[in-house]
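**Student:** just coords:
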């Protein structure tokens, strides 16, 4: 399998991964949104009893677990964007522009 | 504000955005994980009463709403990765390699 | 509509409510689980930027918003229990007994 | 430990359970909302790859797993209602009344 070095390469790896396992049939936006929030919750779980300050200073084991959960969220996000033909970077860029109008900076 | 064309540029835009609003103080991993799952749920909400098939065929209005929610998830994912010094692409690459061992493809 | 004074009465009110709107067709466990997590996220959203201490001392407006979200979670929980024939109190009782074995109290 | 036969008895069992483990210190609304959504996601996970129809017809093993997750959601919901002095049944009753105004039944 190729080594992804950006989002498009990551998308291609994930297409290959799903195709090799005959999983594309399950990858509807509805199902992928469910899978994504399950992974988001596994990330939340890492921090549920921590104070905000403790959440900034993780043990190496905890940091590794968090990194895995962050990765899982990205994986499903890339997959949902793929099936819906969404350009993730462009979508985020457009959303930041909307947010800048909604929440003007103090000194601009 | 610069126009992000990849994840690093997106991270830089988000740093600038948060700094201009004095929001970095709220951006602990605990809080960002909460914000991320709230956005993930807004994505889930778009599909909650749809059949899996309907979720594949969105009206233009629905598709635009979904794109905004996908963007919000990416934004908080980039922010949490930033405060925790996680390389998103590298983390996903490592996770896919783990997943390939956990779920071997049928023909390998 | 009857005024529910316990979980069974609440279930009956919700059955009546859904039937009057022809909504039962959407109330599969899959869809209801999605609706439930969307409401859970609206509860999380109330606390996402608050410190743990601030989350204990809510303004009257915030407290009212939180109460509405807590109610929405209970509503979908009762509905999912209804379609799956789960006795909520009995299920919780059994789970607490399991948890007591998994996490023994210090002085027992 | 007493056997809860309604929500108040359940609340009392959970108070006793938390006190015996010195866990009340962690039970801020912020933390409990996080714990609740983590359990809601474990419920979602049970249905993520199922069709809506499959989610209505669970194997005994799956039904037992779902019942455990439903119970966990109720447990944290009762705990968050307890720390915030929310009467769950009353809150749900008030919310159903609001919903009836927002979504009028067809024949009323």
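**Tutor:** Nice, I can see it. A quick note: this is a predicted structure, and the numbers were derived from the prediction, not measured.

**Student:** Report the buried residues of the helix ranked longest in chain A.
**Tutor:** Using DSSP state H, we find that the single longest helix of chain A is helix A:60-83. Within helix A:60-83, the residues scored as buried using 16 or more other C-beta atoms under 10 Å in any protein chain shown are A:63, A:65-82. In this view, the C-beta of every residue, glycine as well, is placed from N, C-alpha and C.

**Student:** and if you look at stretch A:22-32?
**Tutor:** A:26-32.

**Student:** where does residue A:5 land on pLDDT?
**Tutor:** Note for residue A:5: predicted pLDDT of 61.

**Student:** and chain A, which of its residues are near chain C?
**Tutor:** A:34, A:37, A:51-52 (C-beta under 8 Å from any C-beta of the partner chain).

**Student:** how about a cut-off of 10 Å?
**Tutor:** Contacts of chain A with chain C, taken as C-beta under 10 Å from any C-beta of the partner chain, map to A:30-31, A:33-34, A:37-38, A:40-41, A:44, A:50-53.

**Student:** Going by secondary structure, the residue of chain A found nearest chain D is in what exactly?
**Tutor:** Using C-beta to the nearest C-beta, the single residue of chain A nearest to chain D is residue A:41, 3.1 Å away. Counting by DSSP states H and E, the element that carries residue A:41 is helix A:29-47.

**Student:** Tell me the gap between that helix and the middle of its chain.
**Tutor:** Centroid separation for helix A:29-47 versus its chain: 9 Å, with C-alpha atoms, centre = their mean, to the nearest Å.

**Student:** Which neighbouring elements make contact with that helix?
**Tutor:** With contacts taken as 3 or more C-beta pairs under 10 Å, 6 or more residues apart in numbering or on different chains; DSSP states H and E, helix A:29-47 sits against helix A:60-83, helix B:29-47, helix B:60-83, helix C:29-47, helix D:29-47.

**Student:** Tabulate those helices (CSV), appending distance to residue C:14.
**Tutor:** Shown next, in CSV, are these (distance: least, C-beta to C-beta, whole Å):
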stretch, distance to residue C:14
helix A:60-83, 31
helix B:29-47, 20
helix B:60-83, 27
helix C:29-47, 11
helix D:29-47, 18
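
**Student:** What separation do you get for residue A:58 and residue D:36?
**Tutor:** Note on residue A:58: its distance to residue D:36, by C-beta to C-beta, to the nearest Å, is 23 Å.

**Student:** Now do the contacts for the residue nearest to the spatial centre of chain A.
**Tutor:** Nearest to the mean C-alpha position of chain A, by C-alpha atoms, centre = their mean, lies residue A:74 at 2.4 Å. Applying C-beta atoms under 10 Å, 6 or more residues apart in numbering or on different chains to residue A:74 gives the contacts A:7, A:10, A:14, A:36, A:39, A:88, B:7, B:73-74, B:77-78, B:81, B:86, B:88-89, B:91-92, B:95.

**Student:** still on that earlier bit, compare the residues of chain A next to chain C and tell me which is most surrounded.
**Tutor:** When neighbours are counted by other C-beta atoms under 10 Å in any protein chain shown, residue A:40 leads these with 34 neighbours.

**Student:** can you list the weak-confidence ranges in chain A?
**Tutor:** For chain A, the stretches with pLDDT under 70 are A:1-5, A:107-108.

**Student:** which bits of it sit near chain D?
**Tutor:** Selection of chain A residues close to chain D by C-beta under 10 Å from any C-beta yields A:23, A:25-28, A:30-52.

**Student:** what about 8 Å?
**Tutor:** So chain A meets chain D at A:26, A:31, A:34-35, A:37-38, A:40-42, A:44-45, A:47-49 (C-beta under 8 Å from any C-beta).

**Student:** Just want the residue of chain A that's nearest chain C.
**Tutor:** For chain A, C-beta to the nearest C-beta, closest residue to chain C: residue A:37, 6.1 Å.

**Student:** so how far is residue A:46 from the residue lying closest to residue A:73 once chain neighbours are set aside?
**Tutor:** Nearest non-adjacent residue to residue A:73, counting by C-beta to C-beta, 6 or more residues apart in numbering or on different chains: residue A:39, 4.8 Å away. Per C-beta to C-beta, residue A:39 is found 12 Å from residue A:46.

**Student:** Done for today, thanks.
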